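> Below: sequence and its predicted model.
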Amino acid sequence: MMKTLKDINWNHLYCFYEVAKAQSLKKGAQTLNVASSTVSAQLKTLEKNFDSKLFIRSSKGLGLSVEGADLFERVKLIFEEGSKLLEHFSDDEVGGYPVSIGIEDSVFHDLSEEFASQYWDTYTEFGTVNTVKQSDHESLIANISQGNIDWGITVRKPTRKNLEYREIGVFEIVFCCSQKLYDKFKNKQDLLSNIPFAESIWDKALNTRVYKHLRRNGIVPREKIYSDHLGFVQKLCSRGRCVMYLPRNPLKKYPNLRTFQLDEPLKVSLYAVWRKADNELLSIKKLVELISSNISIVPERYKDIDFQIEVSEVADDLLK
């Protein structure tokens, strides 16, 4: 039984990691570029040293025991971090680790989620992508700086010197109401002045910009409503009960809503933020690659169902 870290054979542990990840002795051996018999012998030695049965072998294939599943969750963190270490000190595209994206909780979440979903397709050959809601800009920046998340999306430029950012895009704020309500008014200014105007409680900075934009056009809403729930406001809006604003998503239609602008459009930038120290990581290189492309154009592979099946290396005998 092992007692200290120096007693661990890290090659055997890495062998276990690859086989457990592939759920196949043969595929794990191929990844390791060694014979299956060698891998099998190393796994048996590891099981002996841990005094635990790590795999359950059956006619359906290779599965993890309770102890094996617990070990895998722990070593996964070690080797995922090891992949990042290799990327820092080499020019190779290593990958093999998941990415966490922090998304600021704002009215822009729809555009942020769109961008994050496109990032999935850019990075998915190298690992999975997770998203984490961030309550505000300050929390997002703190979590990126501390390494709790890999990168994030915000409507404000960061000021910390250890962070880098790029503009994802400049998006127009559009006003929304039901088509029938829109048709009742002779001009948009009177509509925005006389019908209850909805704003989000959590997006105070954006609310301020919107109201300044309205005042520049001589508009002061007679009545305001507040909500934490965008879906609730959209339902009211579609019924002609209020007017609201949204960032226009170039890839999305707004059913039951009539979108419109004033003569001078209100535009807001959205930014991706990450640590400068992570510039050499593949996850950040793929992010910069996506930013350099056009978010309004969806590559055909985003619609290709077979793409994920190929990336996940799903066996043919499991498919119809």
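Structure's in. What do you need?
> helix/strand/coil for residue 34?
coil (DSSP: H, G, I helix; E, B strand; the rest coil).
> Report how many residues lie close to it.
Applying other CB atoms under 10 Å, we find 14 residues neighbouring residue 34. (Glycine included, C-beta is placed from N, CA and C.)
> mind pulling up the phi and psi values for it?
phi -130, psi 170 (degrees, to the nearest 10).
> Mind pulling the model confidence for it?
For residue 34, the pLDDT comes out at 89.
> and the gap between it and residue 43?
Per CB to CB, to the nearest Å, residue 34 is found 12 Å from residue 43.
> swap in residue 161?
Counting by CB to CB, the gap from residue 161 to residue 43 is 47 Å.
> The two: which has the busier surroundings?
For residue 161 versus residue 43, neighbours defined as other CB under 10 Å are more numerous around residue 43 (21 against 7).
> could you list every residue that touches the more buried one?
12, 15-16, 19, 25, 54-55 (CB atoms under 8 Å, 6 or more residues apart in numbering).
> That one in helix, strand or coil?
helix.
> now residue 132
Per three-state DSSP, residue 132 ends up strand.
> Can you tell me, leaving aside adjacent residues, what's nearest to it?
residue 102 (5.2 Å; CB to CB, 6 or more residues apart in numbering).
> Might one say that residue 218 is in contact with residue 189?
Yes - under the contact definition of CB atoms under 8 Å, residue 218 touches residue 189, with a separation of 6.7 Å.
> ok, these two, which is more surrounded?
Neighbours per residue, other CB under 10 Å: of residue 218 and residue 189, the larger number sits with residue 189, 14 against 9.
> Setting aside sequence neighbours, what's the nearest residue to that one?
residue 219 (5.4 Å).
> can you pull the contacts of the one you found?
189, 192-193, 262.
> could you redo the last one with a cut-off of 6 Å?
189, 192-193 (CB atoms under 6 Å, 6 or more residues apart in numbering).
> how close does the residue in the chain sticking out farthest from the centre get to residue 252?
Ranked by distance from the centre of the chain (CA atoms, centre = their mean), the top residue is residue 186, with 42.8 Å. From residue 186 across to residue 252, the span is 29 Å (CB to CB).
> Next: residue 100.
On the measure of CB to CB, residue 100 and residue 252 end up 25 Å apart.
> what do you get for residue 239?
From residue 239 to residue 252 the distance is 20 Å (CB to CB).
> before we move on, the earlier item: is it true that the residue nearest to residue 132 touches residue 151?
No - look at residue 102 against residue 151 with CB atoms under 6 Å: they stay out of range, at 7.4 Å.
> what about stretch 148-168, how long is it end to end?
The first and final residues of stretch 148-168 sit 22 Å from each other (CA to CA, to the nearest Å).
> Go ahead and name everything in contact with that stretch.
99-100, 102-104, 108, 112, 115, 132, 137, 140-141, 143-144, 269-274, 276, 283, 291.
> Weed out the non-buried ones from those.
99-100, 102-104, 108, 112, 115, 137, 140-141, 143-144, 270-274, 283, 291 (16 or more other CB atoms under 10 Å).
> Helices - which of the residues you listed land there?
In helices, defined here by DSSP state H, the members of the buried ones among the contacts of stretch 148-168 are 112, 115, 137, 140-141, 143-144, 283, 291.
> what's the closest of those to residue 204?
Nearest to residue 204 out of these is residue 137 (CB to CB; 10.9 Å).
> In contact with the closest one, which residues are there?
104, 154, 156.
> Which of these sits closest to residue 316?
Nearest to residue 316 among those, with distances taken as CB to CB, is residue 104, at 42.3 Å.
> Hmm, the closest one is touching residue 139, no?
No - using CB under 6 Å, residue 104 makes no contact with residue 139, being 8.4 Å away.
> buried set for stretch 182-198?
182, 188, 191-193, 195, 197-198.
> And the helices in this structure?
10-22, 25-32, 36-50, 66-88, 109-123, 137-145, 179-184, 188-194, 204-216, 230-238, 282-292, 305-311.
> any chance of these in CSV, with distance to residue 168 too?
Below are those laid out as CSV (distance: least, CB to CB, whole Å):
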stretch, distance to residue 168
helix 10-22, 32
helix 25-32, 35
helix 36-50, 44
helix 66-88, 23
helix 109-123, 6
helix 137-145, 14
helix 179-184, 30
helix 188-194, 28
helix 204-216, 16
helix 230-238, 20
helix 282-292, 6
helix 305-311, 23
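> Confidence-wise, which of these is weakest overall?
helix 305-311 (a mean of 76).
> can I get the CA coordinates of that one in PDB?
This file holds the C-alpha atoms of helix 305-311, laid out as PDB (Å, rounded to 0.1, in the frame of the first residue of the first chain):
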ATOM      1  CA  ILE A 305     -25.200  16.700 -36.000                       C
ATOM      2  CA  ASP A 306     -22.400  14.200 -37.000                       C
ATOM      3  CA  PHE A 307     -19.700  16.700 -35.800                       C
ATOM      4  CA  GLN A 308     -20.200  16.000 -32.100                       C
ATOM      5  CA  ILE A 309     -20.600  12.200 -32.800                       C
ATOM      6  CA  GLU A 310     -17.200  12.200 -34.500                       C
ATOM      7  CA  VAL A 311     -15.500  14.400 -31.800                       C
END
